[in-house]
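[1] got a structure for you, letters missing:
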Ligand code: ADP
Ligand code: MG
């Protein structure tokens, strides 16, 4: 039997080579299987009819029975449209076409009863439906086969080629007719009965052609579970494989360095969360398996200290460590903080960045190779092939803009035989479900507690017309000796208008606050100028820092208590949260002021509202994922997983994901190689299906 699902889509009756080409180009659909796995994005109950008098623009798709009583062409040129009056016994509304006008005009029947179907909108106070679907009475060819009609996303090009949602549905129904008995299972029977899943064939049928709400629910569950489960099985399988293949140096000792620091140099007591996390890390590094751990903690939760104490354990076991930061300024700050904290202990620490001079660099290279230097802190410069260690035992990555899997892998390869332990620290928390997927091959530690004595930052949102009030408030803070950040959007460094805004802002602020020094930094300055600007602010010489998001990962200035963000509606949530984290670092009450124009989108309103409501980075990350969808969350693109979920949703399907991960774990614990007869089917499923195609080669 030829593989039904692998058949070329052009052989499906009603498709043909031309449409096949279009489907491939626009939706990446090449085979019967691809088409079957192109799922509807919504369903409409076709048993429900509305009266025209009941309709308003906020309704989703609706169905109305009535008659077209007249039609006329309105406008000319590209803006020409066909407008038809549609009536029932309660009133009338307009049906509008911008495309295919000629065809519609010839085919619309006046004064014949028909059903129209579409999304109502409000145009100048009048309700209309643009490009409705129309069914004449008695025309059964287009009627849905169940009570629900499935809707599919299309593209402009598809629509031009007459492949609308309805056409896709027709093709799929055609396929569903033919597929009986031809859809092989992807999951073992034992699993299907254990968690009472619908069979794959039934699920694929019901997802496109549901006969009841109950069956649709089961079909969705089955397909979501399958999708998430196969991803988890793959990720966890690779983790098993890696742990099997890569041994690790067991750091069994906690000795002089750690103890001396802990008893004599610790500047403040550790929080309970820091203690717990250090214990987790210690235990993990104590095994003879390479540690691959993600450390999550909100801004200001004290990750640097954890990083340092982890490194001290490495030194105690005779190994070197390195810490990689995303920017030069942050690397310098880490270097300064850490050097200060270990001052008086004999821990030789070096700083290596893009601007390290050649002579200095040579010295560092030599000291690393001889083993004299224990701790190297730096930027991407650490990855370079010229940097070689004597005994690298630990790599810590402070991930602001997350390094991808591939970059992580390059650091592991610094050792020939046994790779160093790896600790990845994220500066902005990511939702649990996303961590389980994107970072699913890592173990996770969470610092869920801020150091004591911090006053929560107060966040307020003002429209631009309240600017004077904001300035008055800023003045009072300045008079109390505090410092202020003012951030302007600069989405890309090449956006000239943004730079102009920033420069105007700078001039304006300088004029407004004449008695205070105002500084400015932005991404187009030379690194030296930028650092000098930051340094002046840090030393309190400038009191207001007008800046772009370059300060997002800036230096620690505890005296800065106000963060004003201009055009806050243009920033993403995680970025706003990150910026806010620049203040609230000292003992004084800090404030974050979000300025926006009055006209902002609903989504912006939600973002700003979330910022005002909560300081909790984890909660913010969840909202961010809901608003933007997981694919757009920072880091997923660079993660090395080109994942695109077809049906599961990481913000809504957390329970299914959790279950899928647990089931995958159980199976791998029992049979890590998937060697038993029962699991042969899983090996096969992992090797096919686009949904689970990752490029994991970089790891193993
Ligand atoms: P982040 O997690 O954002 O990297 P940092 O490591 O920069 O946070 O820590 C933020 C601030 O909190 C620093 O000034 C640091 O010295 C301080 N800090 C860290 N741990 C503690 C603690 N246990 N008690 C008090 N202050 C702490
Ligand atoms: Mg940090």
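    Structure's in. What do you need? Here the structure is a predicted model, which means the values were calculated and not measured. Residues are numbered from 1 along each chain as shown. Ligands and ions are numbered 1, 2, ... in the order given.
[2] Could you measure from the nearest residue to residue 122 once chain neighbours are set aside over to ligand 1?
    Distances taken as C-beta to C-beta, 6 or more residues apart in numbering place residue 57 nearest to residue 122, at 3.6 Å, with adjacent residues excluded. Quick note: C-beta positions are derived from backbone N, CA and C, even for glycine. According to C-beta to the nearest ligand atom, to the nearest Å, residue 57 and ligand 1 sit 46 Å apart.
[3] and residue 57, helix, strand or coil?
    Here residue 57 is coil, with the state taken from DSSP: H, G, I helix; E, B strand; the rest coil.
[4] May I ask you to confirm that residue 577 is in contact with residue 622?
    No - the criterion here is C-beta atoms under 8 Å, and residue 577 misses it with residue 622 at 11.9 Å.
[5] Show me which of these two is the more surrounded one.
    Per other C-beta atoms under 10 Å, whichever of residue 577 and residue 622 has more neighbours is residue 577, with 27 against 21.
[6] what helix or strand is the more buried one on?
    Using DSSP states H and E, the element containing residue 577 is helix 573-580.
[7] got a list of contacts for that helix?
    Contact partners of helix 573-580, identified using C-beta atoms under 8 Å, 6 or more residues apart in numbering, comprise 299, 400, 427-428, 457, 459, 485, 487, 549, 551-553, 563, 565, 568, 571, 592, 594, 607, 610-611, 615, 617, 620-621, 623-624, 627, 633-634.
[8] Point out the ones among those that are inside helices.
    Residues of these located in helices (DSSP state H): 607, 610, 611, 617, 620, 621, 623, 624, 627.
[9] doesn't residue 605 make contact with the last one?
    What it means is residue 627. No - assessed by C-beta under 8 Å, residue 627 is found out of contact with residue 605, at 10.9 Å.
[10] Compare these two and say which is more crowded by neighbours.
    The neighbour count for residue 627 versus residue 605, taken as other C-beta under 10 Å, is higher for residue 627 (18 against 13).
[11] ok, now which ones touch residue 75?
    residue 81.
[12] Show the contacting residues for the closest residue to residue 375 other than its chain neighbours.
    Spatial nearest neighbour of residue 375, excluding adjacent residues (C-beta to C-beta, 6+ apart): residue 349 at 4.4 Å. When contacts are counted by C-beta under 8 Å, 6+ apart, residue 349 touches 335, 338, 339, 342, 373, 374, 375, 376, 377.
[13] where does the residue of the stretch 601-700 of the chain found nearest ligand 1 land on pLDDT?
    Closest approach between the stretch 601-700 of the chain and ligand 1, counting by C-beta to the nearest ligand atom: residue 617, at 9.7 Å. What the model reports for residue 617 is a pLDDT of 89.
[14] Surely it touches residue 427?
    No - in this structure, residue 617 is not within contact of residue 427 by C-beta under 8 Å, at 9.2 Å.
[15] between these two, what contacts are shared?
    Any residue near both residue 617 and residue 427 by C-beta under 8 Å, 6+ apart counts here, and that gives residue 299.
[16] of these two, who's got more company?
    Using other C-beta under 10 Å, the more surrounded residue of residue 617 and residue 427 is residue 617, with 27 against 24.
[17] what's the closest residue to the more buried one other than its chain neighbours in contact with, if anything?
    Using C-beta to C-beta, 6+ apart and skipping residues adjacent in sequence, the residue nearest residue 617 is residue 298, 3.8 Å away. Residue 298 is in contact with 429, 447, 450, 581, 616, 617, 618, counting by C-beta under 8 Å, 6+ apart.
[18] please redo it, this time with the cut-off set to 10 Å
    Going by C-beta atoms under 10 Å, 6 or more residues apart in numbering, residue 298 touches 426-429, 446-450, 577, 581, 615-618, 620-621.
[19] repeat for residue 378
    With contact set as C-beta under 10 Å, 6+ apart, residue 378 has these partners: 322-325, 328, 331-332, 334-335, 350-354, 356, 364, 384, 387.
[20] Tell me which entries of those residues lie within strands.
    When DSSP state E defines the strands, the subset of the contacts of residue 378 inside them is 322, 323, 324, 350, 351, 352.
[21] can you redo the residues you listed as JSON lines with pLDDT, distance to residue 558 and neighbour count?
    Output for the ones in strands among the contacts of residue 378, formatted as JSON lines (pLDDT from 0 to 100; distance: C-beta to C-beta, whole Å; neighbours: other C-beta atoms under 10 Å):
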{"residue": "322", "pLDDT": "96", "distance to residue 558": "27", "neighbour count": "28"}
{"residue": "323", "pLDDT": "96", "distance to residue 558": "22", "neighbour count": "26"}
{"residue": "324", "pLDDT": "92", "distance to residue 558": "25", "neighbour count": "25"}
{"residue": "350", "pLDDT": "97", "distance to residue 558": "27", "neighbour count": "22"}
{"residue": "351", "pLDDT": "97", "distance to residue 558": "22", "neighbour count": "21"}
{"residue": "352", "pLDDT": "96", "distance to residue 558": "27", "neighbour count": "25"}
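[22] Just give me the closest of those to ligand 1.
    Taking the ones in strands among the contacts of residue 378 together and measuring to ligand 1 by C-beta to the nearest ligand atom, the closest member is residue 323, at 11.4 Å.
[23] Surely that closest one and residue 395 touch.
    Yes - if you go by C-beta atoms under 10 Å, residue 323 and residue 395 touch, sitting 8.2 Å apart.
[24] Which residues are in contact with each of those two?
    Common neighbours of residue 323 and residue 395 (C-beta under 10 Å, 6+ apart) are 382, 423.
[25] one step back: among the ones in helices among the contacts of helix 573-580, which one lies nearest to residue 536?
    Among the ones in helices among the contacts of helix 573-580, residue 611 lies closest to residue 536 (C-beta to C-beta), at 28.6 Å.
[26] what does the stretch 201-350 of the chain put close to ligand 1?
    Where the stretch 201-350 of the chain comes near ligand 1, counting by C-beta under 6 Å from any ligand atom, the residues are 268, 270, 271, 274, 297, 299, 300, 301, 302, 303, 304, 305.
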